[in-house]
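Trainee: Got a predicted structure here, sequence first:
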Amino acid sequence: MRVVVGSILSNILLVLGMCFFAGGTKFSEQGFLASAANVNSSLLTISVITVLIPAAFVMAINTGTPNANGQQNLTNAQEGTAVLKMSRGVAVVLLFSKYHIYFSAKFF
């Protein structure tokens, strides 16, 4: 998860900052396409949500307190399996949403 967060931050800060700097050295005024900015901000928002959902899931199931029936929540193996299923499900939803955003922006 740290790699994903690092990648997002480097993309926001380093790459975008260098693009602004390089463009500012050549042009006095820069323009951008609103649809491209909308797509990029939507993909960034979805990526952040995708990182947060499994983390929140782990926090919710890893409380260590007994549930309403008096049983422990999950063992480590069960927790790992549940997190893996959650992460795969979120990845599939992310894949479809990225394609939807890409193709809807491409045709407009």
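Mentor: Ah, there it is. Residues are numbered from 1 along each chain as shown.

Trainee: so where do the helices sit in the chain?
Mentor: Counting by DSSP state H, the segments of the chain that form helices are 2-9, 16-26, 34-61, 76-106.

Trainee: export those to TSV and tack on mean pLDDT and mean neighbour count?
Mentor: For every residue, glycine as well, the C-beta is placed using N, CA and C. Output for the helices of the chain, formatted as TSV (pLDDT from 0 to 100; neighbours: other C-beta atoms under 10 Å):
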stretch	mean pLDDT	mean neighbour count
helix 2-9	72	10
helix 16-26	85	10
helix 34-61	77	14
helix 76-106	78	13
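
Trainee: isn't V5 right next to V51, touching?
Mentor: Yes: if you go by C-beta atoms under 8 Å, V5 and V51 touch, sitting 6.5 Å apart.

Trainee: Next one: I61 from T81, what distance?
Mentor: Distance of I61 to T81, given as C-beta to C-beta, to the nearest Å: 11 Å.

Trainee: What of A34?
Mentor: 44 Å.

Trainee: repeat for V48
Mentor: Distance from V48 to T81, by C-beta to C-beta: 25 Å.

Trainee: Over to A55?
Mentor: A55 sits 17 Å away from T81 when distances are taken as C-beta to C-beta.

Trainee: Same question for I101.
Mentor: As defined by C-beta to C-beta, I101 lies at a distance of 31 Å from T81.

Trainee: What of S10?
Mentor: Going from S10 to T81 by C-beta to C-beta gives 32 Å.

Trainee: now N38
Mentor: With C-beta to C-beta as the criterion, N38 and T81 are 38 Å apart.

Trainee: can you check A91 too?
Mentor: The spacing between A91 and T81, counted by C-beta to C-beta, is 16 Å.

Trainee: where does Q30 fall, phi/psi-wise?
Mentor: For Q30, the backbone dihedrals (degrees, to the nearest 10) come out as phi -110, psi 150.

Trainee: Now for it, how many residues are close by?
Mentor: Burial of Q30 is recorded as 10 neighbouring residues (other C-beta atoms under 10 Å).

Trainee: ok, for it, nearest residue in space, not its chain neighbours?
Mentor: Counting by C-beta to C-beta, 6 or more residues apart in numbering, the nearest residue to Q30 once its immediate chain neighbours are dropped is G23, at 4.9 Å.
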